[in-house]
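>>> Sequence first, predicted coordinates after that:
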Amino acid sequence: MSELTKEQLSSLVALLDGIEQRIRGQMDAVAVTRTVSAAGEPGGNAELAGQAAGERMDDAMTEHYRMELADIAAARTRIGKLRYGACLDCGEPIPFPRLLAYPTARRCTPCQRKQEHMFGAPGGRR
């Protein structure tokens, strides 16, 4: 594992827990909104088009939340394998402040910059 102290790791695990709880709440809110929208009476073409656009937005948000949850699950796997906080590319420790800002980070900042320069940042993910 990286050079994280037990206290730092505990605070990062708590941070991951909080983020996961927030995301699950947001996903629940999207599901409720979708259920309420579907229960309404069908209207005219403009209303149906607006509803379809809203459903596409809900789908995009849900997919984004699923990706975030997958990143959290991957971070938890790295914790279990004692690899959390180590850069996947160079193996150097990811600094604690970076992990506080982005607890699912897989790379140190220099390697992340190289990755984004070579491949871009798909969907804004780091």
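Perfect, I can see it now. Numbering: from 1, shown residues only.

>>> What number of residues are in the vicinity of Met57?
If you count neighbours by other CB atoms under 10 Å, Met57 ends up with 12. Where C-beta positions appear, they are placed from N, C-alpha and C, glycine not excepted.

>>> do you know how far it is from His64?
Going from Met57 to His64 by CB to CB, to the nearest Å gives 11 Å.

>>> what's the answer for Leu9, then?
Here Leu9 is placed at a distance of 27 Å from His64 (CB to CB).

>>> And for Tyr84?
Distance, Tyr84 to His64, using CB to CB: 23 Å.

>>> residue boundaries of the strands in the chain?
Per DSSP state E, the chain has no strands. Nothing in it meets that criterion.

>>> Go through the helices and strands of it and name the one with the lowest mean pLDDT.
Here the helix or strand of the chain ranked lowest by mean pLDDT, DSSP states H and E is helix 45-80, holding a mean of 84.

>>> how about that helix: buried residues?
Residues Asp58, His64, Tyr65, Glu68, Asp71, Ile72, Ala75, Arg76, Arg78, Ile79 are the ones in helix 45-80 that count as buried (16 or more other CB atoms under 10 Å).

>>> Leu4: neighbour count?
20.

>>> how about it, what does it touch?
Residues in contact with Leu4 (CB atoms under 8 Å, 6 or more residues apart in numbering) are Leu12, Tyr84, Gly85, Pro93, Phe96, Leu99.

>>> Just the pLDDT at it, thanks.
Predicted confidence (pLDDT) at Leu4: the value is 94.

>>> Could you report the distance from it to Phe96?
Computed as CB to CB, the Leu4 to Phe96 distance reads 6 Å.

>>> and if you look at Ile72?
Separation of Ile72 from Phe96 (CB to CB): 18 Å.
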